[in-house]
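Asks: Sequence plus predicted model, see below.
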Amino acid sequence: MKKHLIYFLLFSSFTGFSQNLPIEGCSDSSCDEKKLQELLEGTEAALYEYYGFRYNDSIYMEIQPSGDSVIFKNSHFWVNEEAIQYYSKILAAEIDFNRLNPDEHYTVLHVQRLDPKLGELTDVADAETAIPTLAKGFNKKGQKAAYEYFYKNYPSWILSDLDFDDMLEVELIMKGGKLSAINFIDVPLDEHLSMKFAQKVKEIEKMHIGKSSFKGADDYKISFNNWAYYSKDKSKRDEYLHRHLDYYVENGLWQQLKQIYSGGTYRPGNTVDIDTSRGSMQLALYNYVEAKLVEGKIQNRWWRAVPTQEQIDANKTDESKAEDFASVGTVPVFDGCNPKDSNKQLQRCFQEGMLNQVSKNYQYPVEARQKGIQGQLYINFVVEKDGRIDQIEVIRGAHYLLDIEGIRVLSELPDCIQPAILHDNPVRMSFTMPINAKLK
């Protein structure tokens, strides 16, 4: 049984995201937001046009005003490094510098998503495919076999050419026999390899599939994965991890390191089986950040231990078990909520009650304000069977000043009128609350 975090955003003066990036031709935040979205979507479309295929990515940019210009710092991507430069150039040309606040922290996150229906396409083995140039004279069976040969083998050829010693899992989405999109499921730690792989796919397609070969081909997908380093011995696996992750630590790229650790790349879940390759990798990541904390290379703990399922089962009793917010029949009744309401109404009231309490009572630490410290923290607590709020724990911190204040605020939450109910019995319920502490 996996543990899940329940997230909701807090919209208040201290918890809201940074001020909207001011865009030329706008005079209010609503216009800024709309124009920014149009710019991002237009840039995304231009990238797809340029490369000749769509792909999913997560683009993160921090923008710092600097006189009559801006500096893009700590920017990050998962697939295409060149896209960062492209987005930055477009945004820089459209920013309204007259409305930029030099003391404001601006961030832009743009997620390039693919249509989820693409992943439901039939596999290449069951599709009418394009015909490889070298197989034009073959019969249907031979043409299909030749096509499958190319598309099942050339990813390995590409990785060999790239001296690939990393991980990769993708779905190649083919429309009319031609590469239409690449769905990156697991990406390399060496991020530069993702787009190199994608562009090589197009090169081989151009080399082996002629334009006249597409007629009559179905829409289908080709799945491919390479997890070579999972099978390596521990010393080589750790050497691999350190080679890539040390770069993030040495350059203070905490956003990237957090995403890797929390499952942004591997997505193995919060509990792991240490006997599996992915479980071993997650534990190796945990050991890495723990070691860097001891060395003083990481300033504060933002992670929690990664228990194995065996450890959870061995330590868990029915009395100590805490259900999550989504699994109980009726959530706890927060102070001010109506016990007679439906569970959906109580869920909303519970979250809004928390929002109001935290928004009203969180006092931004003076020292944090003076030093420009801000960030997002996640605090978990348990609503006990008698409605008491207890077991408060920072499971991912931003800075100790912000974290401690978060603990204070949650420790002063009023107890619930009644506990969570499951199968007509009171149960303990765990809840994780994100607090986005931002300076104005």
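Replies: Yep, that arrived. Numbering: from 1, shown residues only.
Asks: switch to C-alpha atoms for all contacts and neighbour counts from now on
Replies: Will do.
Asks: Looks like Val328 contacts Ile421 (just checking).
Replies: Yes - in terms of Cα atoms under 8 Å, Val328 counts as a neighbour of Ile421; the distance is 6.2 Å.
Asks: ok, which stretches of this protein are strands?
Replies: 54-55, 57-66, 69-76, 106-112, 167-175, 178-186, 220-227, 322-324, 375-383, 389-396, 420-422, 425-437 (DSSP state E).
Asks: quick one: strands adjacent to the longest one?
Replies: Strand partners for strand 425-437, identified by DSSP bridges, are recorded as strand 322-324 (parallel), strand 375-383 (antiparallel), strand 420-422 (antiparallel).
Asks: Kindly reformat those as CSV and extend each row with distance to Ala127 and mean pLDDT.
Replies: Listed next are the strands paired with strand 425-437 as CSV, based on distance: least, Cα to Cα, whole Å; pLDDT from 0 to 100:
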stretch, distance to Ala127, mean pLDDT
strand 322-324, 43, 86
strand 375-383, 46, 88
strand 420-422, 47, 93
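Asks: just so I know, which of those lies nearest Tyr50?
Replies: strand 375-383 (35.7 Å; Cα to Cα).
Asks: Based on its surroundings, how many neighbours for the closest residue to Leu257 other than its chain neighbours?
Replies: Leaving aside its chain neighbours, Leu257 sits nearest to Tyr248 (6.3 Å; criterion: Cα to Cα, 6 or more residues apart in numbering). Neighbour count of Tyr248, defined by other Cα atoms under 10 Å: 16.
Asks: again with Arg388
Replies: Using other Cα under 10 Å, Arg388 is surrounded by 18 other residues.
Asks: And the nearest residue to it once chain neighbours are set aside, how close does it get to Ile395?
Replies: Distances taken as Cα to Cα, 6+ apart place Asp415 nearest to Arg388, at 4.8 Å, with adjacent residues excluded. Distance, Asp415 to Ile395, using Cα to Cα, to the nearest Å: 21 Å.
Asks: dump the residue contacts of Ala368.
Replies: For Ala368, the contact set (Cα atoms under 8 Å, 6 or more residues apart in numbering) comprises 374, 401-402.
Asks: circling back to that earlier point, tell me which of the strands of the chain approaches Trp254 most closely.
Replies: strand 69-76 (9.1 Å).
Asks: In CSV, please show the C-alpha coordinates belonging to the closest one.
Replies: The C-alpha trace of strand 69-76 is given here as CSV (Å, rounded to 0.1, in the frame of the first residue of the first chain):
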residue,chain,number,x,y,z
SER,A,69,16.7,43.8,-18.7
VAL,A,70,16.2,40.5,-16.9
ILE,A,71,18.4,37.5,-15.9
PHE,A,72,17.1,34.0,-16.3
LYS,A,73,18.7,32.0,-13.5
ASN,A,74,18.4,28.5,-12.1
SER,A,75,16.3,27.5,-15.2
HIS,A,76,15.6,23.9,-15.6
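Asks: What about the contacts of Ala368, which are in helices?
Replies: Within those, residues falling in helices by DSSP state H are 401-402.
Asks: Sort the contacts of Ala368 by pLDDT and name the bottom one.
Replies: In terms of pLDDT, Leu401 ranks lowest among those, with 83.
Asks: Can you tell me the number of residues neighbouring that residue?
Replies: 17.
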